[in-house]
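In: Would you be able to build a 3D model of this:
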Amino acid sequence: MIITRTPFRVSFAGGGSDLKEFYARNGYGAVIGAAIRKYMYIVIHPYFQDKIRIKYSRTEDVESAEEVEHPLVRESLKKVKIEKGIEIASFADVSAGTGLGSSSAFTVGLLHALYAYKGKRVSRERLAKEACEIEIDILGEPIGKQDQYMAAYGGVNHIKFNGDGSVKVSPVGIKTQARKKLEKNLYLYYIGGSRKSGDILEEQMNNMSKGDKFENMRKMVDLVEKIKKALHAGDIDSVGNMLHEGWMYKKRMANGITNDSIDRIYDKFMRYGTIGGKLLGAGGAGFLLIYTGGHEDLKGKLGYKALPFNIDMEGSKVIFQDDRNG
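Out: Residues are numbered from 1 along each chain as shown. Okay, here's the model as predicted:
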């Protein structure tokens with residue numbers, strides 16, 4: 001049996017610049033964000049029936065990898081070259097479609113578990129790259145690359161997406177005191193709903209051909225560098241201000257990113273003394289990331305389900321391995 005644990009992620013700024021439509025034209029894109037201690041768990045076990053059984057919101061029991069209907073599982077099995085004799089189940093700390101990169105955490109964690117099942121140790125770079133290949137190149141999902149790399153690497157990272165398609169991950173150095181302040185002053189508030197990010201991202205991709213949208217994305221990439229410098233310097237409060245600035249840019253990128261309800265909720269947070277924040281993921285639903293020094297007071301007044309912001313430093317990891325596969 002193999003169990004992997006793969007973190008979800010929070011993006012501070014630059015989301016959307018990891019789409020090929022932007023970084024190929026601009027020469028590069030950049031995102032800054034962190035893996036968090038909320039996880040996707042993948043469990044793999046030998047299947048006595050010498051078939052493939054997959055348990056998620058439904059159960060599949062098929063003869064070969066080619067027959068698997070779950071696209072991410074099917075393509076991951078093919079990538080690792082496992083045809084049968086395996087049982088796969090998944091569990092998550094937070095529901096899918098809430099802006100925390102759960103789909104890519106699933107793909108990275110599944111690849112990690114499948115390789116471990118075959119007795120292979122693979123690099124974080126390979127896990128992220130192959131997850132991108134499956135989701136973007138093979139399945140044609142209109143998504144970017146940040147989620148896969150955040151999930152595989154863990155930590156706080158500046159990720160650069162080069163015009164030729166290559167990716168460079170650079171850990172962001174933060175002093176202990178500054179990191180503790182960042183974790184204390186950030187919280188994730190669930191405002192309801194879930195959505196499929198592809199629809200919003202597809203519109204965002206199409207909008208990259210428009211001059212004003214393209215220039216707006218350039219401003220978001222410039223903000224990535226400013227947040228990186230602020231984290232290095234320990235100027236954590238200015239990160240809160242820049243989250244707000246980035247959210248103002250992001251709202252202009254596609255129609256589905258926000259709506260009147262989300263805007264009213266965000267404005268309510270701001271009226272209660274929030275320094276800044278943003279809606280996570282592609283938009284439309286899920287979690288607001290909020291920066292303020294008074295979360296206990298805020299949680300009591302507004303009543304939204306809240307999750308603490310705690311940084312995961314390990315990335316995708318095998319947390320249990322029983323080699324008695326025979």
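In: Doesn't residue 9 belong to a helix?
Out: No: secondary structure of residue 9 (DSSP: H, G, I helix; E, B strand; the rest coil): strand, not part of a helix.
In: And the helices in the stretch 201-326 of the chain?
Out: When secondary structure is read from DSSP state H, counting those that start in this stretch, the stretch 201-326 of the chain shows helices at 211-233, 236-250, 260-271, 295-302.
In: and those, which one's lowest on average pLDDT?
Out: In terms of average pLDDT, helix 295-302 trails the rest of the helices of the stretch 201-326 of the chain, at a mean of 88.
In: before we move on, the earlier item: okay, the helices of the stretch 201-326 of the chain, which one's buried deepest?
Out: Sort those by mean neighbour count, taking mean count of other C-beta atoms under 10 Å, and helix 236-250 sits at the top with a mean of 19. All C-beta spots, glycine's among them, are computed from the backbone N, C-alpha and C.
In: contacts for that one?
Out: By C-beta atoms under 8 Å, 6 or more residues apart in numbering, the residues outside helix 236-250 that reach it are 12-13, 15-16, 178, 181-182, 185, 216-217, 219-220, 223, 226-227, 230-231, 257, 266, 270, 274-279, 283, 289, 291-292.
In: Quick check on residue 54: phi, psi?
Out: Backbone torsions of residue 54, given as degrees, to the nearest 10, read phi -130, psi 130.
In: Over to the one 5 residues further on?
Out: According to degrees, to the nearest 10, the main-chain angles of residue 59 amount to phi -120, psi 130.
In: same deal with residue 163?
Out: Per degrees, to the nearest 10, the backbone of residue 163 is at phi -60, psi -20.
In: Quick one: residues contacting it.
Out: Residue 163 is in contact with 23-24, 26-28, counting by C-beta under 8 Å, 6+ apart.
In: can you rerun that using 7 Å?
Out: 23-24, 27-28 (C-beta atoms under 7 Å, 6 or more residues apart in numbering).
In: Report pLDDT for it.
Out: Taking residue 163 on its own, its pLDDT is 97.
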